[in-house]
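Trainee: Sequence and predicted structure below; questions after.
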Amino acid sequence: MSEGVNECKVSRVMESSAGIAKIKTEFLVSAHTRELCTTYTPQKVIDAVEQSVNHAGEVGEPPTKKVKVKGQNKKRPRAKQTPMKEKLCIFLMREESCPYSDSCKFSHDIEGFLKTKMADVGEHCYLFETFGKCKFGLSCRYGQCHTSADNKSIVNEELWRKSQEHMAHRTNSLSKELQTTLRQKKYDFSKADKIQKHIGQQIKDKMQSNSVDPNDRSMAVVVSTQCSDTSASHPSVDDAKTIERDAFVVVDDNDSRNRETVAEKSACISTPFAASSSRDAMAVNGVELTGKESGKESGMESAQQAGRAESRAEAAAADTVKHSGAVTDEDVISLRASEKKRLDFTGLLYVAPLTTVGNLPFRRICKKFGADITCGEMAMCTNLLQGQQSEWALLRRHHTEDVFGVQLCGSHADSMARCAQLLNENVVVDFVDVNMGCPIDLVFHKGAGCGLMTRMGKLENVVRSMACTLDVPLTVKLRTGIAEDKNIAHNVIAKLKDWGVGLITLHGRSRQARYTKLADWEYTGRCARAAAPVPFFGCGDVLTYEDYNRDIATPDVSGVMIARGALYKPWLFTEIKEQRSWDISATERFDIIKDFVNYGLEHWGSDEAGIEKTRRFFLEWQSFLHRYIPVGLLECPPQRINERPPLYTGRNDLETLLSSPSCSDWIKISEMLLGPVPSSFDFLPKHKANAYK
């Protein structure tokens, strides 16, 4: 190894301790005084900053205080909503007659709307050029290219017919009928309720027999300590029988899915953690397979009935039949003779579920650069059960997302089980993830997110009930623990693998640590051993293909979930697959932003509301995107995720603009693609430092 490389490594270690990336001297900005950007900052924030700095020398005033520019802005203002009376009726956009007539809450005055409408952003409408028709008609901010002189929409019939095939693949939207049923509380959740109540009673009986409170917080620390330091092996026959006995599903005679044969499910991808057994029976995630051929079921029906009768007689003699009130297990619960869909995620690149920034347009960008698995943003189960349109929008799936899941957050087993049934019957997903890692106070103090890790009885009820209700695999994502110095994830994981979980993902930080420290991959490896043979993914601090190679080499780790690294540089997936560092140009980076904007217009709309929503989601993403440091500017590449860049200039003006930490420059970028911001526009970035220029 050369002397220069050694010096480079030494200097990099010194810079890492300071948390500052080492950039070539010719690109550094030597002197710059940062000032609050008041152009788009809400007036309340400006007043608060001015009041926090007292003028020196005034009698009776305390000493001058230094303005704090670190940390996060809490209680950020929401985007202002346009009154419904100022919006054009959606039926008039489609050139249809409005069924609500005079009682419609939206405007029917086309001429008045066109007079007050903001000027068009550009001459080319992405929706019209892609699909042959723009469904936003006159309200489209690019409408001049697809609107005739008499205010009629122009349609490219040939392109429109071709696009219908792709549009038909749009899934997981909330229909009006389903929304009405949920709001009126008329949806039939009897299946989920039976499962949850039965499993809840089982847990209660078990806890009472052991004299343990099911809500005892200390259980999260003391359970399964014998499993924490040893590497688990494949389950034995007795273990498989235990899983079979503890995992239940309801069989509904009116549900055709409960009568699917094993042959109909033979196309499912096999899983490496299926419990093996000497007899021809297997239980995975609450499902038992019996018999070699499904066609034998009808011929063996009488023999099976006789066998069940004999088993019940023996159980009655031994007084071992479990009761739920006056109803026995056999009366309520039975094992279904079909196999769940299962997926093998080993070695695949997984985009983490990211609140706010992990939206559908962003996931499309990641898929374009090689991501294999995508997951929707965290959705609150109570909001889904209430039929909230905004929450259901988080479940939408693009046809390019070939392996897609949704993440649910909740603290109560009954609502989580109901939500699992609701999704199982109305959306198309490949897996459902349970959020056990959200550190937000509002979520945590309600017992959801990280709060589930401290309630083992409640957690078992949630996981087992959902696993038995779903036809797709159930996965979980959790943190190392609550407190920074008390890791409890290994104890929780030892239980999760016996409750029907198909995949476990660990974010190697505690709730208390947040992002103040690096992810603990040593502890992640310990948890991977505790999870075996269940597939296990690690998450944290992957920004380069070298980081990925190091983490994927951790024993018993099946794959790596990528979160912030994808926000900094979505082309990271290409770097990993091609095993190279990509010194991407500013023009290529700007093209990525163009794609995001186009995908946003397709997803949120090309009218005024859709454009402003696209703009705000871009600004949220840009708060991470600007942190990428071009490879050619680094003195000692690669960039490390815990290093923040000093103020620097790029190799050209566009690269300097894309790397700016000021939100005023982010807004300039948005105006290059989405036109000028409205006069009433204001934006407060998530991080205080980005409000300064």
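Mentor: Nice, thanks for sending it over.
Trainee: The stretch 551-693 of the chain: strands as residue ranges?
Mentor: All strands of the stretch 551-693 of the chain, identified by DSSP state E, counting those that start in this stretch, fall at 559-562.
Trainee: got it, and the chain?
Mentor: Using DSSP state E, the strands of the chain run over 281-284, 287-290, 323-324, 327-328, 349-351, 374-380, 404-409, 431-436, 474-479, 503-507, 536-539, 559-562.
Trainee: wait, isn't Val557 in contact with Pro535?
Mentor: No - counting by C-beta atoms under 8 Å, Val557 does not reach Pro535; the two are 9.3 Å apart. The C-beta positions use only the backbone N, C-alpha and C, and glycine is treated the same way.
Trainee: The nearest residue to Gly525 once chain neighbours are set aside: how many residues sit nearby?
Mentor: Excluding the flanking residues, the one nearest Gly525 by C-beta to C-beta, 6 or more residues apart in numbering is Thr554, at 4.6 Å. Here the number of neighbours of Thr554 (other C-beta atoms under 10 Å) works out to 17.
Trainee: list the contacts for Thr554?
Mentor: Residues counted as contacts of Thr554 (C-beta atoms under 8 Å, 6 or more residues apart in numbering) are 521, 524-525, 528, 538.
Trainee: Neighbour-wise, give me the winner out of those residues.
Mentor: Gly538 (28 neighbours).
Trainee: quick one: pLDDT of that residue?
Mentor: If you check Gly538, the pLDDT there is 96.
Trainee: is it in a bridge, and if so with what?
Mentor: Leu506, Val560 (DSSP bridges).
Trainee: hang on, it packs against Arg550?
Mentor: No - Gly538 is not in contact with Arg550 according to C-beta under 8 Å; the separation is 10.7 Å.
Trainee: So for those two, which residues contact both of them?
Mentor: Trp521.
Trainee: Hmm, Asn172 and Val427 touching each other?
Mentor: Yes - if you go by C-beta under 8 Å, Val427 and Asn172 touch, sitting 4.3 Å apart.
Trainee: For Lys105, the count of nearby residues, please.
Mentor: Number of residues near Lys105 (other C-beta under 10 Å) recorded here: 10.
Trainee: going forward, begin numbering at 509 instead of 1
Mentor: All right, first residue 509 from here; so that's Lys613.
Trainee: Not counting its neighbours along the chain, what's nearest it?
Mentor: With C-beta to C-beta, 6+ apart, the residue lying closest to Lys613 is Met592, at 4.7 Å.
Trainee: ok, the nearest residue to Leu667 once chain neighbours are set aside to Asp941 distance?
Mentor: Using C-beta to C-beta, 6+ apart and skipping the chain neighbours, the partner closest in space to Leu667 is Gly640 (3.1 Å). Distance, Gly640 to Asp941, by C-beta to C-beta, to the nearest Å: 37 Å.
Trainee: ditto for Ala879
Mentor: 16 Å.
Trainee: quick one: common contacting residues for Val935 and Asn680?
Mentor: Common contacts of Val935 and Asn680 (C-beta under 8 Å, 6+ apart): 903, 905, 914.
Trainee: Would you mind putting those residues into JSON lines with distance to Phe853, neighbour count and pLDDT alongside?
Mentor: What follows is those, written out as JSON lines (distance: C-beta to C-beta, whole Å; neighbours: other C-beta atoms under 10 Å; pLDDT from 0 to 100):
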{"residue": "Leu903", "distance to Phe853": "20", "neighbour count": "24", "pLDDT": "96"}
{"residue": "Arg905", "distance to Phe853": "17", "neighbour count": "23", "pLDDT": "94"}
{"residue": "Val914", "distance to Phe853": "16", "neighbour count": "24", "pLDDT": "97"}
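Trainee: give me the number of residues near the spatially closest residue to Arg1159 that is not a sequence neighbour?
Mentor: Nearest residue to Arg1159, sequence neighbours excluded (C-beta to C-beta, 6+ apart): Gly1140, at 6.8 Å. Using other C-beta under 10 Å, Gly1140 has 14 other residues around it.
Trainee: Skip the chain neighbours and tell me the closest residue to Cys633.
Mentor: Take Cys633 and drop its neighbours on the chain: the residue closest to it by C-beta to C-beta, 6+ apart is Tyr650, 3.6 Å away.
Trainee: Do I have it right that that neighbour meets Tyr634?
Mentor: Yes - counting by C-beta under 8 Å, Tyr650 touches Tyr634, with 7.5 Å between them.
Trainee: neighbour-wise, which of the two wins?
Mentor: Neighbours around Tyr650 and Tyr634, counted as other C-beta under 10 Å, are more numerous at Tyr650. The numbers are 24 against 18.
Trainee: residues touching the more buried one, list them.
Mentor: Applying C-beta under 8 Å, 6+ apart to Tyr650 gives the contacts 628-634, 636, 642, 1114.
Trainee: of those residues, buried ones?
Mentor: Burial by neighbour count, judged by 16 or more other C-beta atoms under 10 Å, picks out 629, 633-634, 636, 642, 1114 from the contacts of Tyr650.
Trainee: closest to Lys693 among these?
Mentor: Minimum distance to Lys693 across these is 36.2 Å, recorded for Ser1114 (C-beta to C-beta).
Trainee: these two touch, right, Arg1022 and Ile948?
Mentor: No - contact criterion C-beta under 8 Å: Arg1022 and Ile948 do not qualify, at 10.5 Å.
Trainee: Which one's more surrounded, those two?
Mentor: More crowded of Arg1022 and Ile948, by other C-beta under 10 Å: Ile948, with 15 against 12.
Trainee: Read off the pLDDT value for the closest residue in space to that one that isn't next to it in sequence.
Mentor: Distances taken as C-beta to C-beta, 6+ apart place Gly957 nearest to Ile948, at 6.8 Å, with adjacent residues excluded. Note for Gly957: predicted pLDDT of 93.
Trainee: Met888 versus Gly957, what's the distance?
Mentor: According to C-beta to C-beta, Gly957 and Met888 sit 10 Å apart.
Trainee: Show me which of these two is the more surrounded one.
Mentor: Legend: neighbour count by other C-beta under 10 Å for Gly957 and Met888, higher for Gly957 (26 against 20).
Trainee: can you pull the contacts of the more buried one?
Mentor: Shown in contact with Gly957 (C-beta under 8 Å, 6+ apart): 917, 943-948, 951.
Trainee: farthest-separated two in these?
Mentor: Longest span within these, C-beta to C-beta: Met944 and Ile948, 13.1 Å.
Trainee: what bits of this structure have low per-residue confidence?
Mentor: Scanning the chain with the threshold set as pLDDT under 70 gives 509-526, 540-544, 546-585, 674-678, 719-850, 1195-1201.
Trainee: what's the closest non-adjacent residue to Glu594?
Mentor: Here the residue nearest Glu594, using C-beta to C-beta, 6+ apart, is Ser615, at 6.4 Å.
Trainee: Kindly state the beta-bridge partners for that neighbour.
Mentor: Counting by DSSP bridges, the residues bridging with Ser615 are Leu596.
Trainee: That one against Ile598, yeah?
Mentor: No - using C-beta under 8 Å, Ser615 makes no contact with Ile598, being 10.9 Å away.
Trainee: related to what we said a few turns ago, between Gly640 and Asp941, point out the one with more neighbours.
Mentor: Ranked by neighbour count (other C-beta under 10 Å), Gly640 and Asp941 place Asp941 first, with 23 against 19.
Trainee: Quick check: the closest residue in space to that one that isn't next to it in sequence vs Thr1013, distance?
Mentor: Setting aside the residues directly before and after it, Asp941 is nearest to Gln915 in space (C-beta to C-beta, 6+ apart), at 4.2 Å. Shown here: Gln915 relative to Thr1013, a distance of 10 Å by C-beta to C-beta.
Trainee: Pull up the overlap in contacts between those two.
Mentor: By C-beta under 8 Å, 6+ apart, the residues touching both Gln915 and Thr1013 are 941, 985.
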